[in-house]
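J.: can you look at this prediction? I've put the sequence above it.
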Amino acid sequence: MVVEQCDSLAVLIEGFEDAPVVVGEGLLELPGFWAAYLMWLSQTEEYDPVPQWFGVDGADADAAYEAIIDEDRWPVFRIPFAGGHTALVIGQNFPDDPSTEYIVTHPEWGRQGHLATVSGHQAGPGLSWRELHHIAHTPDLSSPGVHEAYARLLLLLPALGDQDLPEDAAAVVGDALTEAGIPAASAPHLAEALLADHPLWEPAEWTLPGASPLSGGQEPFLGILHCDGHLSPRCGTRLAQGITREQNDRLARALGTWPPDTVQSAEPPGSTASDHSHQPASPTRRA
């Protein structure tokens, strides 16, 4: 699952070798980017967002939106995190069936892990709050991509769906919005709207899996959450298929869910000191 920058600014991702994918981080500098990327997510029966909530006018939001959905340049936002893993947000800009894909990759894996798809054929949720917050705050500074915690959190926010949000979740998102340049006066209200009611799926319950009666008594791969959202790629299914137990343990630690209650005080079986070397629109489509 190699992700690398080419001279043409294209990136190589399994399944996208012939797609016009390009490194997308530069789009974050557009004044209207966050309005174009997140406005759909804040649209609920109670909230009717406008670009001004994001501190921009309609022209800036429209210009960023056109760049995000460019059919000739599919933006890929790279979010490298602990243990050599990378979360990717990929704008799959097919003319008639656009989507945004959220996946996890690692150079040693044979295939990528599917988090969520935001489109007319949605699949999600893809992240618990615990995982979202942990990934946002554990950048791998040695790998290219988005390293600022606020931008990482906001880029992955559309994949969230968690029925047990902490009391300070809106405050955390509000702080991220303020760091992204959203006016401080509107950031708290906007944060509440973004977390209020996902347009594509219901919030899920996230739990650690137990041993399966079909496992033959073998110890299950531990530490990675499953959810009960029936639309989710992670409903009763391991996030990454075909990986070894050691790779699973590294991923669980990188997601912040191993061990369940004392992530910092213990290590999963098979861990080594080297595992810590990397520590420090339909969807994106507005009407």
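T.: That came in fine, so what should we check first? Numbers count the residues shown, from 1 in each chain.
J.: surely Glu101 forms part of a strand?
T.: Yes - secondary structure assignment places Glu101 in a strand (DSSP: H, G, I helix; E, B strand; the rest coil).
J.: now it. Nearest residue, chain neighbours left out?
T.: Excluding its sequence neighbours, the residue lying closest to Glu101 (Cβ to Cβ, 6 or more residues apart in numbering) is Ile90, at 4.4 Å. Heads up, the C-betas are built off the backbone N, CA and C, glycines and all.
J.: which residues does the one you found bridge with?
T.: Taking DSSP bridges as the rule, Ile90 bridges to Val76, Glu101.
J.: tell me how many other residues crowd it.
T.: Using other Cβ atoms under 10 Å, Ile90 has 23 neighbouring residues.
J.: ok so Leu115 is a helix residue?
T.: No - judged by three-state DSSP, Leu115 forms no part of a helix; its state is strand.
J.: list the contacts of it.
T.: 87, 102-104, 124, 126-127, 159, 233-234, 239 (Cβ atoms under 8 Å, 6 or more residues apart in numbering).
J.: what about 6 Å?
T.: Leu115 sits next to 102-103, 126, 159 when contact means Cβ atoms under 6 Å, 6 or more residues apart in numbering.
J.: which among those residues gets closest to Leu255?
T.: Proximity of the contacts of Leu115 to Leu255 (Cβ to Cβ) peaks at Gly126, which lies at 11.6 Å.
J.: return stretch 164-172 as PDB; C-alpha atoms alone will do.
T.: Provided in PDB are the C-alpha atoms of stretch 164-172 (Å, rounded to 0.1, in the frame of the first residue of the first chain):
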ATOM      1  CA  ASP A 164     -20.900   8.200  23.300                       C
ATOM      2  CA  LEU A 165     -19.300  11.600  22.500                       C
ATOM      3  CA  PRO A 166     -17.500  13.100  25.500                       C
ATOM      4  CA  GLU A 167     -19.000  16.300  27.000                       C
ATOM      5  CA  ASP A 168     -16.100  18.400  25.600                       C
ATOM      6  CA  ALA A 169     -16.500  17.100  22.000                       C
ATOM      7  CA  ALA A 170     -18.100  20.300  20.700                       C
ATOM      8  CA  ALA A 171     -15.500  22.400  22.500                       C
ATOM      9  CA  VAL A 172     -12.700  20.400  20.900                       C
END
